[in-house]
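Provided below for reference: sequence and predicted model.
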Amino acid sequence: LAWMHRCLPMQARDVSTQLYTCSYTIPLGWLAGLVGALELKIKHDKRVMTVLVTLLPDNPSEMVVVRRPTRDLKDGTVPEPVQAEAQSRVRARMASEGLLLDSCTSPIPWLHKARLFIDSETGEIEVELKDGTRQLWSSAQSSTLCVPTHSQLPLECDVALRNRGEGVVEGHLEEKVGLVLDSYGVAIVRRTYVLMSSNAAVIALPRASRDGGGTAEAITGHDPAAWQLLLQLSLLMPGALRPRPHRPLELEVPHSPLLWQLRAWVIDNLLARRTQSPTGEAMTTWPILKEMRQRQLYTYQHEAVQEMLERLRQGFSTQFLWMTVGMGKTLVVMSYLAHLQAQQLLPPYVIYSLPRSALKSVYDEISAFNGPVSMVVPTKTIRKDHPLADLIRHKPGQPKFSQYEVNLIEHDHLRLVTDQLSSLASETIFVVDEVHRALNDTLRTAAALEMARLAEGTIVLTGTPVVDNKTYKLIRWLSQLVPFEVNEKNFWVAANGMVAKRVVTNVEVVMTESIASWTAEEEELHQGLVPPKLDGTNVNASPSDIRKAMLLCYEIANRQILIEVKRLLVNGGVFVVARDARHADDLVSGCARLVGRAGVYVISNGQALHLDDAAVLAGTVPDYKVVIAPLAAAEGYTLTRLKSMVRGVYPSNNATREQLMGRINRVSQRAAQIEVCTVHCGILSFVHRHHQDAASLSKVLQELATVVDPVGLS
């Protein structure tokens with residue numbers, strides 16, 4: 001079939017005299033998405049600064065100005081004079097020549113390459129079409145679409161790949177769509193909805209890589225049947241989706257309003273077939289969710305909750321909460337759930353996905369809000385040392401999700417219960433904590449995204465949304481925050497949809513680098529392993545050679561790490577980041593020689609440690625002088641008692657590196673200055689330079705967040 005579709009021309013379907021009419025309303029956010037990010041060069045302090053200007057999706061009259069990311073960007077802040085100049089230029093363009101609407105595919109053909117005009121005084125929005133006529137947006141955004149009708153064709157895949165239509169089949173369309181959906185299992189219909197749930201102009205089946213996984217999104221076992229269902233639906237509604245010529249694994253969307261209607265019918269079908277899942281455990285009702293420790297929300301936390309509620313009122317069921325590490329994201333989530341409960345909008349299931357390292361700290365926060373908690377572990381065996389073993393109420397291999405409780409589940413376990421999760425989705429608030437762990441192209445990410453698109457409501461939260469410089473990883477989540485197609489051109493517009501708060505701790509962070517010294521023999525060995533572009537002599541360096549060079553540099557860096565720890569102990573306690581758990585154990589003996597074994601603490605996954613000045617003075621935590629944490633244990637603990645950080649250069653993502661720095665640089669840090677020392681040499685120096693790309697993107701994103709005054713937060 002694929003070969004036939006690639007080689008043979010498609011045949012136009014016969015058109016009848018009848019027309020099919022579909023009413024629609026284009027969400028206001030499409031205008032900002034179609035404008036995209038406007039790049040401007042502005043002179044400031046005798047230099048030229050390149051900035052990106054975006055319109056707010058919910059109010060195109062308002063703008064956000066950020067720096068354009070570059071590798072050597074050290075500060076993403078845009079000075080106020082530059083912001084004012086950039087906004088003034090864009091407003092002038094909107095009033096005179098207009099802004100071209102071409103940054104993504106238009107949902108309606110007449111909007112393609114139209115121009116947006118906004119009166120700076122009245123805020124009146126107009127759209128100028130290609131023929132020069134202008135229309136008020138308030139009257140143009142709602143209209144009707146008329147498309148031709150076609151005679152019914154056999155619902156077979158080869159027929160779908162050979163024929164090309166513009167409208168819908170004639171007669172009882174909704175009934176015909178329902179019959180096709182009913183012929184497939186619920187799991188396949190759910191997967192079909194996920195594939196068609198974006199606002200992209202092209203729907204593509206995830207492609208397999210050489211190792212059998214996905215190249216940009218993980219492949220599931222339901223994909224072949226879901227694609228067959230999509231092809232059959234394309235025979236009924238080719239105006240909503242139809243095969244792209246010569247691309248058998250892609251469907252194009254000719255008319256977005258028809259796709260919106262088809263999606264609504266698919267959701268109605270899923271709701272009509274909903275049954276109580278055997279994995280659900282019936283309870284009575286939610287207890288009153290309230291803060292039990294008498295803590296009051298800080299102003300920024302209250303604002304975050306209100307912004308989330310306002311987005312919900314606007315019809316957005318997904319909330320992306322980005323707050324600096326240590327600003328109380330879990331407390332904001334629980335407060336939001338309490339507001340939903342007060343409005344009788346809280347469904348019976350809350351499923352909270354998180355990394356193991358955050359289990360204990362998140363459990364403590366939920367319990368402090370009078371939230372009942374259960375732990376779901378869907379593996380056939382359950383470790384006896386599980387940090388929340390007492391909360392596991394099901395037998396091994398027989399997971400149960402409880403009503404009216406917060407069900408905790410590790411990110412890595414989502415893929416084991418996708419069918420059970422999907423069956424509960426329409427009655428579930430799905431929370432994805434530390435979502436930077438669900439950005440890469442893995443089954444973990446695929447399972448989280450599928451549940452997020454199906455759930456009644458989704459809350460995504462993190463303190464570090466950037467893992468590397470590949471923006472498409474964030475696009476998959478940002479596309480759920482806005483009504484338009486998200487791509488590289490309007491990425492920064494979609495990022496405005498995040499509920500973002502960041503705190504400037506007023507702690508000066510001194511970033512230093514320490515180049516580990518090696519012996520002549522070690523240097524010669526390294527040169528023989530790496531290629532000339534890394535100052536080596538190996539013109540045919542193999543992956544094995546590169547690995548040996550990395551291990552050699554790790555050994556050399558270990559010596560320097562201990563030297564830096566000794567130097568920094570003069571300023572107070574030191575936080576040491578190890579490559580992995582084995583490396584952490586290797587560093588213990590060296591650090592113990594400096595402060596004694598009782599003065600060294602090693603973090604393990606799932607452990608919570610709250611080491612701040614107050615806890616030490618109260619005697620609840622020993623005054624550890626050195627705390628060692630493996631790279632994987634980046635969340636769920638506080639180390640502001642320590643005043644310095646020493647780390648090697650390990651292959652990792654930017655989110656993990658920022659999370660680790662957030663263990664000591666947070667609002668409870670009392671030092672006026674902390675030092676972060678990075679130790680590297682040889683090939684590790686090369687890796688370190690490439691880490692700066694993702695750091696640059698993160699610095700620019702931080703400028704989208706509301707800055708919070710740290711005074712009174714700790």
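Received it, and whenever you're ready, just let me know what you need. Numbering: from 1, shown residues only.

what sits closest to Met196 if chain neighbours are left out?
Ile203 (5.7 Å; CB to CB, 6 or more residues apart in numbering). Heads up, the C-betas are built off the backbone N, CA and C, glycines and all.

now do the same for that neighbour: helix, strand or coil?
The three-state label given to Ile203 by DSSP: H, G, I helix; E, B strand; the rest coil is strand.

count the neighbours of it for me.
Counted with other CB atoms under 10 Å, residues neighbouring Ile203 total 20.

what sits against it?
Listed by CB atoms under 8 Å, 6 or more residues apart in numbering, the contact set of Ile203 reads 195-196, 230, 241, 250-253.

any chance of CSV for those, columns pLDDT and neighbour count?
CSV is the format used below for these (pLDDT from 0 to 100; neighbours: other CB atoms under 10 Å):
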residue, pLDDT, neighbour count
Leu195, 86, 23
Met196, 87, 22
Leu230, 95, 20
Leu241, 94, 22
Glu250, 90, 13
Leu251, 93, 25
Glu252, 93, 18
Val253, 94, 23
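
possible to save the residues you listed as JSON lines with distance to Glu410 and secondary structure?
Output for the contacts of Ile203, formatted as JSON lines (distance: CB to CB, whole Å; DSSP: H, G, I helix; E, B strand; the rest coil):
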{"residue": "Leu195", "distance to Glu410": "26", "secondary structure": "helix"}
{"residue": "Met196", "distance to Glu410": "29", "secondary structure": "coil"}
{"residue": "Leu230", "distance to Glu410": "32", "secondary structure": "helix"}
{"residue": "Leu241", "distance to Glu410": "36", "secondary structure": "coil"}
{"residue": "Glu250", "distance to Glu410": "34", "secondary structure": "strand"}
{"residue": "Leu251", "distance to Glu410": "34", "secondary structure": "strand"}
{"residue": "Glu252", "distance to Glu410": "38", "secondary structure": "strand"}
{"residue": "Val253", "distance to Glu410": "36", "secondary structure": "coil"}
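
chain center to stretch 106-122: distance?
29 Å (CA atoms, centre = their mean, to the nearest Å).

what does stretch 543-554 give?
That offset, for stretch 543-554, works out to 32 Å (CA atoms, centre = their mean).

what does it contact?
516, 522, 525-526, 529-530, 536, 538, 579, 583, 648, 680-684.

helix, strand or coil: sort out the nearest residue to Leu38 once chain neighbours are set aside for me.
Nearest non-adjacent residue to Leu38, counting by CB to CB, 6+ apart: Val53, 4.5 Å away. Here Val53 takes the strand state, with states given by three-state DSSP.

bridging residues for Val53?
Going by DSSP bridges, Val53 is paired in beta bridges with Leu38, Val65.

rewinding a little: reformat the contacts of Ile203 as TSV; add distance to Met327.
Shown next, in TSV, are those (distance: CB to CB, whole Å):
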residue	distance to Met327
Leu195	36
Met196	36
Leu230	42
Leu241	42
Glu250	42
Leu251	42
Glu252	43
Val253	39
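
how about those residues, which pair is most distant?
Leu195 and Glu252 (13.7 Å; CB to CB).

and the end-to-end length of stretch 434-449?
14 Å (CA to CA, to the nearest Å).

list the buried residues for that stretch?
434-439, 441-449 (16 or more other CB atoms under 10 Å).

the closest residue to Pro243 other than its chain neighbours is in what secondary structure piece?
Leaving out its chain neighbours, the residue that sits closest to Pro243 by CB to CB, 6+ apart is Leu161, at 5.4 Å. Per DSSP states H and E: Leu161 is located in helix 157-162.

which residues touch the closest residue to Arg559 other than its chain neighbours?
Spatial nearest neighbour of Arg559, excluding adjacent residues (CB to CB, 6+ apart): Ala516 at 6.6 Å. Contact partners of Ala516, counting by CB under 8 Å, 6+ apart, are 553, 556-557, 559-560, 679-681.

distance of Ala516 from Ile563?
9 Å (CB to CB, to the nearest Å).

longest helix of this protein, counting residues only.
helix 543-568 (DSSP state H).

tell me how many other residues crowd Lys46.
Lys46 has 5 nearby residues by other CB under 10 Å.

one more: the one 5 residues further on?
Counted with other CB under 10 Å, residues neighbouring Val51 total 22.

cool, the one 5 residues further on as well?
Around Leu56 there are 16 other residues, counting by other CB under 10 Å.

any idea what sits nearest it, other than its immediate chain neighbours?
Glu62 (4.5 Å).

what about the one you found, is that helix, strand or coil?
Applying three-state DSSP: Glu62 is strand.

gap between it and Val90?
11 Å.

out of the two, which sits in the busier spot?
A side-by-side neighbour count of Glu62 and Val90, using other CB under 10 Å, places Val90 first with 20 against 14.

now that one, nearest residue through space, not along the chain?
Excluding the flanking residues, the one nearest Val90 by CB to CB, 6+ apart is Val53, at 5.1 Å.

contacting residues around that neighbour?
Shown in contact with Val53 (CB under 8 Å, 6+ apart): 37-38, 40, 63-65, 86-87, 90.

next one: Ile125
With contacts taken as CB under 8 Å, 6+ apart, Ile125 has the following neighbours: 31, 60-61, 116-118, 136-138.

check Ala578 too.
584, 586-587, 628-631, 648.

ditto for Leu155
Residues near Leu155 by CB under 8 Å, 6+ apart: 180, 232, 235-236.

what's the answer for Gln527, then?
535-538.

10 Å instead?
534-538, 549, 682 (CB atoms under 10 Å, 6 or more residues apart in numbering).

how about Pro27?
Applying CB under 10 Å, 6+ apart, we find Pro27 in contact with 33, 57-58, 107, 141, 199, 314-316, 482-484.

and for Glu220, the neighbour number?
Not quite, residue 220 is Thr, not Glu. 20.

and the pLDDT at it?
Looking at Thr220, its pLDDT reads 70.

from memory it sits against Thr192, does it?
No. Using CB atoms under 10 Å, Thr220 makes no contact with Thr192, being 11.4 Å away.

who touches both of the two?
Ala226.

centre of the chain to stretch 635-648, how far?
Chain-centre distance of stretch 635-648: 25 Å, with CA atoms, centre = their mean.

tell me the mean pLDDT for that stretch?
The average pLDDT within stretch 635-648 is 91.

what do you get for stretch 541-558?
91.

now stretch 84-93
On average, stretch 84-93 scores 92.

buried residues of it, list them for me.
85-87, 90-91, 93.

can I get these in TSV with distance to Val570 and secondary structure?
Formatted as TSV, the buried residues of stretch 84-93 follow (distance: CB to CB, whole Å; three-state DSSP):
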residue	distance to Val570	secondary structure
Glu85	47	helix
Ala86	46	helix
Gln87	48	helix
Val90	52	helix
Arg91	54	helix
Arg93	56	helix
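
show me what contacts Met94?
35, 55, 60-61, 63, 115-120, 125-126.

what subset of these is buried?
35, 55, 60, 63, 115-118, 125-126.

among these, which are located in strands?
Applying DSSP state E to those, the entries found in strands are 55, 60, 63, 115-118, 125-126.

for the stretch 551-700 of the chain, what spans make up the strands?
Under the criterion DSSP state E, counting those that start in this stretch, the stretch 551-700 of the chain contains strands at 573-578, 600-602, 626-630, 642-647, 673-680.

highest mean neighbour count out of those?
Highest mean neighbour count among the strands of the stretch 551-700 of the chain (mean count of other CB atoms under 10 Å): strand 573-578, with a mean of 27.

could you measure from the residue lying closest to Val48 once chain neighbours are set aside over to Ala86?
In this structure, Val48 finds its nearest non-sequential neighbour in Lys41, 5.2 Å apart by CB to CB, 6+ apart. Lys41 sits 10 Å away from Ala86, going by CB to CB.

okay, and the common contacts of the two?
Common neighbours of Lys41 and Ala86, counting by CB under 10 Å, 6+ apart, are 49, 51.

hmm, back to that, and the helix holding Leu161, what does it pack against?
If you count contacts as 3 or more CB pairs under 10 Å, 6 or more residues apart in numbering; DSSP states H and E, helix 157-162 packs onto helix 2-7, helix 223-236, strand 242-244, strand 247-252.
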